[in-house]
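J.: Turn this into a structure:
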Amino acid sequence: MNLLDYLNEAYPARKSEEEKKAFRTYVEEHYGARTEVTKDGKNRNLVIGDPETANILCTAHYDTPAAALFPNLMIPRNSVLFYLYQFLIVGVLLAVSLLGGWLVELAVGREEAFFLAFLVFYYLGFYLLFFGFKNKHNANDNTSGVATVLTLAEQYKGSQVAFILFDNEEGGKKGSKAFRKDHKDAMQDKFLLNFDCVGNGENILFIAQKKAEAHPELSRLKKIFAAEGAYAVHFYPEKGSQCNSDHKNFPCGVGCMACRRTKGGLFYTPYIHTAKDTVASWENVRYLAERVGEFLAETGE
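T.: Coordinates of the predicted model:
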């Protein structure tokens, strides 16, 4: 059994504190990680190596999301469709809340009941959408990213690279935000490569923060991935891209994700935050670990 399949079987959900603690114990015992509690006391990030002295960080978030009423359809390179989909979700939520408020008003015969019922339906829907019942299947989001980072950590031994698994990304990238605050000086110019949803799709996208675009490590990474392979690899700037993951909390952050592609050229990643998030390829993880492994090996030379 490969690591991706093992993690999906042994730790399929990492949402409750009990689930996350069991996973952290596994990583501590098998990969020599330590749990770093952020100074605000609200996040528990897993750290392998020394992020203060390392030149490069490889990261992923280990927490898993709630089961959403609407799938989190990722469309990283089409702003119009991305925002239309977001407005559609908000529109449906508002429509359901308005209908609920109207029905409650009819039932009780009081106009003031409408506003109260509307608020209840709206915030209940919002909670269920983002923070409700745990999703039991999280193969791509983000067990695929975790498997990639742990595979890299297992094959690379050296002081030049540190590996971080962030807590609470699904609640607003809180673990990485607190990590940067706790390591503020060290993170200003440090190259960070974040893996999120890398298991479903034959197109690998790297999306770089503005400061990371000029970083010499990004140029070196592009050379590594320039070699022909089974995957189409694309590098894009943050401007014009929609990739809302932990790398955005770091000046020199680069996000990595996998996408499918339509005949018209539209990149997309389906099923995120739903029970259908069962598709993640070990070949994707292996490919990324091999190429990024070459990149890290050169770092230590």
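
J.: Arg261 touches His234, doesn't it?
T.: No. Between Arg261 and His234 there is no contact under C-beta atoms under 8 Å: 9.7 Å. Just so you know, the C-beta spots here come from the backbone N, C-alpha and C atoms, and that holds for glycine as well.

J.: Sketch out the low-pLDDT regions of the chain for me.
T.: In the predicted model, the chain carries pLDDT under 70 at residues 300-301.

J.: how near is the residue nearest the centre of it to Gly100?
T.: Central residue of the chain (C-alpha atoms, centre = their mean): Asp196, 3.8 Å from the mean position. According to C-beta to C-beta, to the nearest Å, Asp196 stands 34 Å off from Gly100.

J.: Over to Thr299?
T.: 55 Å.

J.: Break down the stretch 1-150 of the chain into its helices, ranges please.
T.: Secondary structure of the stretch 1-150 of the chain, counting by DSSP state H, counting those that start in this stretch: helices at 3-10, 17-31, 79-108, 112-130, 145-155.

J.: and Ala227, which of those helices is closest to it?
T.: Smallest distance to Ala227 across those (C-beta to C-beta): 18.2 Å, for helix 145-155.

J.: in that closest one, what's buried?
T.: Buried residues in helix 145-155, counted by 16 or more other C-beta atoms under 10 Å: 145-153.

J.: Pick the one among these closest to Thr274.
T.: Using C-beta to C-beta, Gly145 comes nearest to Thr274 of the buried residues of helix 145-155, at 17.5 Å.

J.: list the contacts for that closest one?
T.: Shown in contact with Gly145 (C-beta atoms under 8 Å, 6 or more residues apart in numbering): 60-61, 194-198.

J.: how about the helices of the stretch 1-150 of the chain in CSV, adding distance to His137?
T.: Output for the helices of the stretch 1-150 of the chain, formatted as CSV (distance: least, C-beta to C-beta, whole Å):
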stretch, distance to His137
helix 3-10, 8
helix 17-31, 14
helix 79-108, 21
helix 112-130, 17
helix 145-155, 15
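
J.: Of those helices, flag the one that's most buried.
T.: helix 145-155 (a mean of 25; mean count of other C-beta atoms under 10 Å).
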